[in-house]
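1. Take a look and give me a structure for this.
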Amino acid sequence: MKKNVAILLFDEVEVLDFAGPYEVFAVTDELRGHDTFNVFTVADGAGTVRARNGLKVVPHFTLEQCPPPHVLIIPGGFGTRALLRKPALLEWIRIRVRAAELTMSVCTGALVLAQLGLLEGLKATTHHECLGLLRELAPGAEVVENERFVDNGSILTAAGISAGIDCSLQVVRRLCGAEAATATARYMEYAPR
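-> Numbers count the residues shown, from 1 in each chain. Purely as a prediction, here's the structure:
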């Protein structure tokens, strides 16, 4: 059975934070004969999302329509600050995290996980300019610097922007094996760090 990979979109989401992971999971699925991942985007409401620097994206699903994700990805960007003040959206994330096999944040998406208390007792990282803010929001987490990503098992956090590609390749490695992750990186002409 294909695993659902849901990527949350919101206004002012960082483009590579969602597009990098989308590419990794979609390429892996393609290389494996389209039998591995069902990759899609989801947003709080219907209509266009305006990502950083003006890119307009139309999500596949609203929160209400979203198929249950096996892998939930929370990207970052300046728009995460507004998410911290959206109780209904935060509750949707909390419920989906409980049911998901894996949850992954990219960049300041870690702030959303911290706001929900999901990083307490774990190691975590985020964009280097927001490490202090992550420490404030997750006082019980061990916030690490100079790591591309941190894998805690069911919760993974990636550092800034392009690190989401490395973390996505780690998820592919865990779910599909090292050979699949290597093949995906090679196809993308990406050298993981």
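2. just the strands in this protein please.
-> Along the chain, counting by DSSP state E, strands occupy 3-9, 37-43, 49-50, 56-57, 61-62, 71-74, 102-106, 123-124, 142-143, 149-151, 155-158.
3. Pull the number of nearby residues for residue 92.
-> Per other C-beta atoms under 10 Å, the neighbour tally for residue 92 reads 17. C-betas here are computed from N, CA, C, even on glycine.
4. distance of it from residue 183?
-> From residue 92 across to residue 183, the span is 34 Å (C-beta to C-beta, to the nearest Å).
5. which ones are touching the most centrally placed residue in the chain?
-> The centre of the chain sits closest to residue 73, judged by C-alpha atoms, centre = their mean, with a distance of 2.7 Å. Going by C-beta atoms under 8 Å, 6 or more residues apart in numbering, residue 73 touches 5-8, 18, 21, 103-106, 109, 164, 168.
6. what does the lengthiest helix in the chain rub up against?
-> Assignment by DSSP state H gives helix 15-31 as the longest helix of the chain. Residues external to helix 15-31 that are found in contact with it (C-beta under 8 Å, 6+ apart): 2, 5, 7-9, 35-39, 41, 51-53, 55, 71, 73, 75-77, 104, 106-107, 109, 161-162, 164-165, 167-169, 171-172, 176, 180-181, 183-184, 187-188.
7. if I pick residue 152, what's in contact with it?
-> Neighbour list for residue 152: 122-124 [criterion: C-beta under 8 Å, 6+ apart].
8. mind redoing it with 7 Å?
-> 122-123 (C-beta atoms under 7 Å, 6 or more residues apart in numbering).
9. coming back round to it: from the contacts of helix 15-31, list the buried ones, please.
-> By neighbour count, with 16 or more other C-beta atoms under 10 Å, the contacts of helix 15-31 hold 5, 7-9, 36-39, 41, 51-52, 71, 73, 75-77, 104, 106-107, 109, 161-162, 164-165, 167-169, 171-172, 176, 180-181, 183-184, 188 as buried.
10. pLDDT score assigned to the residue lying farthest from the centre of the chain?
-> Note on the chain: the largest C-alpha distance from the chain mean falls to residue 33, namely 23.6 Å (C-alpha atoms, centre = their mean). You'll see residue 33 listed with a pLDDT of 97.
11. Equivalent analysis for the one 5 residues further on, please.
-> The per-residue pLDDT reported for residue 38 equals 98.
12. Run a quick check on it versus residue 6, I expect a contact.
-> No: counting by C-beta atoms under 7 Å, residue 38 sits too far from residue 6 to count as a contact (9.2 Å).
13. and the gap between the closest residue to residue 166 other than its chain neighbours and residue 126?
-> Computed as C-beta to C-beta, 6 or more residues apart in numbering, the closest residue to residue 166 that is not its neighbour in sequence is residue 148, at 4.5 Å. The gap separating residue 148 from residue 126 is 12 Å, by C-beta to C-beta.
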